[in-house]
Structures are given as structure tokens and as C-alpha cells.
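>>> Take this sequence and fold it.
(one chain, ligands or ions: 1)
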Amino acid sequence: MKKVVLISTSLSATSKSASLIQSAAEQLKTAELIDLRQLSIPFCDGRKIEDYSKEIQLLFKTIEEADALVFGFPIYCYSISGVLKNFIDIFSHAMNGKRFGICAAAGSKLSYLAIADLHKIMQFQSNAIGVHPAVVADYTDFENDKPSLDIKERIQRMIAEL
Ligand SMILES: Cc1cc2nc3c(=O)[nH]c(=O)nc-3n(C[C@H](O)[C@H](O)[C@H](O)COP(=O)(O)O)c2cc1C
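Residues are numbered from 1 along each chain as shown. Prediction:
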């Protein structure tokens with residue numbers, strides 16, 4: 001059984017991408033879920049991982065030991081959020097060669113190409129491979145704050161590709 005680590009990076013209390021990640025967690029059953037709303041991640045300042053706190057070093061190990069990752073994030077300004085970029089800046093060396101999936105929330109799916117920025121960063125920095133389909137959802141894809149059946153099915157296909 002592959003070990004999948006889900007990383008929810010939106011800091012919004014009403015995050016839609018967190019709801020996508022929750023749905024992925026329910027489908028995977030054994031996945032580990034990291035929710036950045038519950039952690040305090042500093043800005044990357046270029047120091048070695050050994051010089052960060054024990055909590056950050058443990059997180060590094062969890063990511064390193066994963067077979068595959070799924071990133072939950074908001075699309076901000078036609079790209080990934082600064083929070084996700086900072087997370088990659090600190091943990092990219094733990095992500096080497098892994099496959100990763102995407103659960104992104106947007107105001108409009110017209111911004112879906114923002115996910116290409118994540119593919120580029122992960123490929124160049126970590127030699128990591130993004131799987132298709134990616135999940136990009138806007139407000140029309142949620143019913144009572146839960147992902148629609150169509151989106152749940154897309155999450156299932158994304159997981160199968162991991
Ligand atoms: C600073 C900021 C920039 C945003 N930029 C975009 C954008 O470029 N394209 C888009 O479709 N939505 C944009 N949005 C809307 C968010 O993607 C949308 O609210 C999404 O649900 C946020 O994800 P979350 O609910 O998981 O936090 C932006 C929102 C904020 C706060």
C-alpha cells in the first residue's frame with residue numbers, strides 16, 4: 001500500500017481546497033493529512049533543515065517517507081499561493097522524485113492554468129511528476145460546502161493515478 005501524504009495549505013477558515021483534501025482523505029482512508037492551519041511554518045530563510053525546529057524536521061521526515069503527495073491550495077493571482085510556495089521552499093528536498101496530485105480551489109476555473117506553475121516548480125526543483133487529472137474546483141462545484149459528485153469522482157481518478 002502506498003503512503004500518501006495530503007498537504008492542505010490554505011489558511012482560510014472556510015477553505016474550499018481543504019474540503020477537497022478532506023474528500024481525498026476519506027477516499028484514501030489511510031493517508032496522512034497535514035493542515036497548515038494547525039501548524040506554524042516560518043518563512044524560509046535559506047537555513048539547513050537541521051537548523052529549523054524539531055516540528056519542522058519531523059514534518060520533513062513525514063514528507064520524505066511518503067510515496068506520493070497531494071497538495072491542496074487556493075489559486076491566488078493566477079498562480080499558487082505564497083503559503084504553498086514557502087512550503088515548497090522549505091521542504092522541496094523531501095519531495096524528490098515523488099508523484100503528486102492537485103486539489104486546487106479557484107474563484108473561476110478560467111484560472112486553471114495556475115497549476116502549471118506548480119508543475120514547473122516541482123519538476124525543476126524536485127524532479128517530481130504531477131499526475132492528471134488535476135482537480136480544480138470553483139464555487140459551482142460545491143453543495144453545502146462539500147464537493148459535488150463530479151468533483152469526488154475526479155478526485156478518485158486523480159488518486160488512481162498516484
Ligand atoms: C489574494 C487572492 C487572489 C485570488 N486570485 C484568484 C485568481 O487569480 N483566480 C481565481 O480564479 N481566483 C482567485 N481568488 C479566489 C480564490 O482562489 C478562491 O476564493 C478559493 O476558494 C480560495 O481557496 P480556499 O477556499 O481553499 O482558500 C483569489 C483570492 C484571493 C484572496
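>>> give me every residue that touches A134.
Residues counted as contacts of A134 (C-beta atoms under 8 Å, 6 or more residues apart in numbering) are G101, I102, A104, Y112, I115, M158. In short, each C-beta sits where N, CA and C put it, glycine included.
>>> Repeat the analysis, applying 7 Å as the threshold.
If you count contacts by C-beta atoms under 7 Å, 6 or more residues apart in numbering, A134 has them with I102, A104, I115, M158.
>>> again, but for V136
By C-beta under 7 Å, 6+ apart, the contact list for V136 reads A104, A106, K109, Y112, I115.
>>> Of the residues you listed, which is the nearest to the ligand?
Lowest distance from the ligand to the contacts of V136 (C-beta to the nearest ligand atom) belongs to A106, with 3.5 Å.
>>> how about the nearest residue to that closest one, chain neighbours excluded?
With sequence-adjacent residues excluded and distances taken as C-beta to C-beta, 6 or more residues apart in numbering, A106 is closest to I75, at 4.1 Å.
>>> helices and strands around the helix or strand the one you found falls within, which ones?
Using DSSP states H and E, I75 falls within strand 68-76. Counting contacts by 3 or more C-beta pairs under 7 Å, 6 or more residues apart in numbering; DSSP states H and E, strand 68-76 packs against strand 4-8, helix 16-28, strand 99-105.
>>> Next, format these as TSV and append distance to the ligand, mean neighbour count and mean pLDDT.
Listed next are these as TSV, based on distance: least, C-beta to the nearest ligand atom, whole Å; neighbours: other C-beta atoms under 10 Å; pLDDT from 0 to 100:
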stretch	distance to the ligand	mean neighbour count	mean pLDDT
strand 4-8	8	24	98
helix 16-28	3	22	97
strand 99-105	3	25	98
